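K.L.:
Here is my input, please return the structure:
(2 chains)
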Amino acid sequence: MQDRNHLSDVQATNTVSLIENGLIEIPMLQLLDENGHETNNKQSPELDEATAKRIASTMQYVRLLDERMVGAQRQGRISFYLACTGEEAAVVGSAAALSPDDMIMSQYREQGALAYRGYSTEQFMNQMFSNELDPNKGRQMPIHYGDKKLNFMTISSPLGTQIPQAAGYAYGQKMAGQPALTICYFGEGAASEGDFHAGLNMAAVLNCPAIFFCRNNGYAISTPSEEQFKGDGIASRGIGYGVKTIRVDGNDALAVFAATKKAREIALAESCPVLIEAMTYRLAAHSTSDDPSSYRSKTEEDKWRAKDPIERFNKWLDGKGWFDKKAYEDFAESSRAEILAAVKKAEKVQIMPVDEIIEDVYDTPPWHLKQQLTDLKIHIAKYPEHYPKTSGRVK
Amino acid sequence: MAQMNLLQAINSALITAMTDDEKVMVFGEDVGHFGGVFRATSNLQEKFGKRRCFNTPLTEQGIIGFANGLASQGSVPVAEIQFGDYIFPAFDQIVNETSKWRYRSGGQFSCGTLTIRTPYGGGIAGGLYHSQSPEAFFAHIPGMKVVIPRNPHQAKGLLLASIRDDNPVLFMEPKKLYRSSVGDVPENDYVLPLGKADLVKEGKDITLLAWGAQVEIIEQAATMAQEIGISCEVLDLQSILPWDVETVCESVCKTGRLLINHEAPLTGGFASEIAATVQERCFLHLESPIARVCGLDTPYPLAHEKEYMPDQLKTFEAIKRTIDY
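P.N.:
Down below sits the predicted model:
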């Protein structure tokens, strides 16, 4: 490595010849075809029945959660939502290949990873309704989850910032001698941010055991990937940074699981980053504030609807004799009921008392924050009807 | 006690912190074997190994992003930004990430262990991009602490306090004084409190307030004023955020006058914040308007550096105007 970077070791040529994009073909790992048949007859994928079923039920659950919460936003019950429809396999399949000790630093469309780790419907709702039971104390918009116990770093809205952070977190894990790594999720749009380039390069140079998982879902809000980059996707960049890289069919949970499992082994054994580019499609709108019909066709969406990751995986399960139609339908019904009940419950829980407004800015509030809170409470006490959510608890 | 210059005091603080806590890691551009462009990190890699003191690629946003992740994991990063002028690629990481990490997670996670060291300020013929004093940008960020020492003793004590404080701290070092400021520094471990101003000299007619390299400028102005019978109280603010409103206001209530001096441009500088708060708290004690002696609202010039700087003569003139108001 040291030598390769030295100019004297570069092979000389006397021909003017430019290297073209596409010179290196980066294939896409696919273990299941669109009908759920294994593409490799010689070697069956290493996925046990229990894990396979947990992947399937988590994907089904987040599909239901997304449907219900988009509806809740339309009804005005929550302000915002962001669905992962079509990308369930990419997120759940990768999360399933991790150890619970691995830190997840996500972008914002990875509710599947959180659900796989056991985040409950009630916890999802407390966050989305910004109530006082939300561990983030109702401070962030819906879907900005975070849970220390589940090793899921609290989400922030700015795109790509988590990429160099994941390098740092992973470096810390290595220094602490932990047999764990960090997985960092992001989209192909976020990979245009400077933080992507900074983070990947730092992770490579500093030998950080991290998995950089790109969901290449074709769109950054309305901008299609052909207006986002000119090169061969995001995978080609990994090679440029000296990062081991694999491209995978993001709608094939089995392939995603296998690629992530391998990436994890390599990252820990060799103490290095690995880049995974999952080719998928954002069937959902970017968020509830977005309407994709203004920038893409129904025909295009239908083409991808036919590659539905959940159906594909269920077909494979069925072929193995692991799919129970009755249980599938029962789970759908019970999950819908559970989500609805949790919505009704969470929306009735009050928000944090106003005293919390100055907590967690610093370890303890300094003088100026204390003074500002005192002034604010005097004001609220004067106009209690104008601040109905907190005035009752202002003393 | 040992005679040290400001750089040696910084180096001594880093050695003390790294010896005391193996989770402390020092990194940035050229900080490894080379010891940093100013040599603040000399010998750290030799003493503590390449895993705890290392070079990073040339990317400020990467350095602070990496440091944020490392801090949130529980390590104690001391990240160096080679010049304060080059901190801006990391602005997003500091404004949106470092400082909000604890708040947005309801206290589940934080970057409290992070310290960012950066040299700042003029007086070294550094022109536009090796001279700036960007403290006011960072004083506008809830969740950050901003600390600036004025001499070797303060530098070691305040840096050790910053590294151990459970909040992210931007530690700005007056590079003009790196080698010129020399003084007695305890070789052992000690900390000085954050958020506290330091009374440098007592006086009764006017309070002069500055931080970093400008403290010696207001001291010189105070000596000139003394010669014409004006008694100046000299304060070093030391912590820009949170700042010591009590000490400042107590002094102003006593003297009835305040002059604030900083190298950064006048408009939107931290003097504005201090002046607003002091007039609110000390209105009936003030004998004259609060004076600000600051850099011009221009980029930091090279050939006109001397003219740009809020030096002792400009300060002396402002003292007289304030007294004669």
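
K.L.:
got a pLDDT number for residue A:3?
P.N.:
At residue A:3, the model reports a pLDDT of 53.

K.L.:
show me the contacts for residue B:111.
P.N.:
With contacts defined as CB atoms under 8 Å, 6 or more residues apart in numbering or on different chains, the neighbours of residue B:111 are B:67-68, B:71-72, B:97-99, B:101-102, B:168. C-betas here are computed from N, CA, C, even on glycine.

K.L.:
For PyMOL, write the select line for the buried members of these.
P.N.:
Only the buried entries of those go into this PyMOL selection, using 16 or more other CB atoms under 10 Å in any protein chain shown:
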select buried, chain B and resi 67+68+71+72+97+98+99+101+102+168
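
K.L.:
Check the contacts of residue B:111 one by one and keep those near chain A.
P.N.:
Among the contacts of residue B:111, the ones lying near chain A by CB under 8 Å from any CB of the partner chain are B:67-68, B:71-72, B:97, B:101-102.

K.L.:
helices or strands up against the lengthiest strand in chain B?
P.N.:
Of all segments of type strand in chain B, defined using DSSP state E, the longest is strand B:258-265. If contacts are counted by 3 or more CB pairs under 8 Å, 6 or more residues apart in numbering or on different chains; DSSP states H and E, strand B:258-265 sits against helix B:135-139, strand B:206-210, helix B:214-227, helix B:270-282, strand B:291-295, helix B:312-323.

K.L.:
Please identify the most buried of the ones you listed.
P.N.:
Of all the helices and strands packed on strand B:258-265, strand B:206-210 has the most neighbours on average by mean count of other CB atoms under 10 Å in any protein chain shown, namely a mean of 29.

K.L.:
Run through who's touching it.
P.N.:
Residues from elsewhere that reach strand B:206-210 (CB under 8 Å, 6+ apart): B:197, B:217-218, B:221-222, B:225, B:230-237, B:248, B:251-252, B:254-262, B:274, B:315, B:319, B:322-323.

K.L.:
who touches the closest residue to chain A within the stretch 151-300 of chain B in this structure?
P.N.:
Nearest to chain A, among the residues of the stretch 151-300 of chain B, is residue B:242, at 3.9 Å (CB to the nearest CB). Applying CB under 8 Å, 6+ apart, one finds that residue B:242 lies in contact with A:366-368, B:145, B:195.

K.L.:
Could you check how far the residue most central in space within chain B is from residue B:72?
P.N.:
Closest residue to the average C-alpha location of chain B: residue B:148 at 1.8 Å, with CA atoms, centre = their mean. Look at residue B:148 and residue B:72: by CB to CB, to the nearest Å, they are 26 Å apart.

K.L.:
Checking residue A:246 next. Helix, strand or coil?
P.N.:
With DSSP: H, G, I helix; E, B strand; the rest coil as the basis, residue A:246 sits in strand.

K.L.:
what's near enough to touch the nearest residue in space to it that is not next to it in sequence?
P.N.:
Spatial nearest neighbour of residue A:246, chain neighbours left out: residue A:259 (5.0 Å); criterion: CB to CB, 6 or more residues apart in numbering or on different chains. For residue A:259, the contact set (CB under 8 Å, 6+ apart) comprises A:29, A:94, A:246, A:248, A:276.

K.L.:
For the nearest residue to residue A:27 once chain neighbours are set aside, give its distance to residue A:192.
P.N.:
Nearest residue to residue A:27 in three dimensions, chain neighbours excluded: residue A:247, at 6.7 Å (CB to CB, 6+ apart). Per CB to CB, residue A:247 is found 18 Å from residue A:192.

K.L.:
Show me which of the two is the more surrounded one.
P.N.:
Neighbour count, other CB atoms under 10 Å in any protein chain shown: between residue A:247 and residue A:192, residue A:247 has more, with 25 against 17.

K.L.:
follow-up on the earlier one: sheet partners, orientation included, of the longest strand of chain B?
P.N.:
In the sheet, strand B:258-265 lines up against strand B:206-210 (parallel), strand B:291-295 (parallel) (DSSP bridges).

K.L.:
okay, those strands in CSV with mean pLDDT next?
P.N.:
Written out in CSV, the entries for the strands paired with strand B:258-265 read as follows (pLDDT from 0 to 100):
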stretch, mean pLDDT
strand B:206-210, 98
strand B:291-295, 98
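
K.L.:
Let's have these in TSV, adding distance to residue A:314.
P.N.:
Putting those into TSV (distance: least, CB to CB, whole Å) gives the following:
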stretch	distance to residue A:314
strand B:206-210	70
strand B:291-295	67
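
K.L.:
Now restrict the contacts of residue A:259 to buried residues only.
P.N.:
Buried subset of these (neighbour count, 16+ other CB under 10 Å): A:29, A:94, A:246, A:248, A:276.

K.L.:
Save those residues as TSV, and put in pLDDT too.
P.N.:
Below are these laid out as TSV (pLDDT from 0 to 100):
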residue	pLDDT
A:29	96
A:94	98
A:246	98
A:248	98
A:276	98
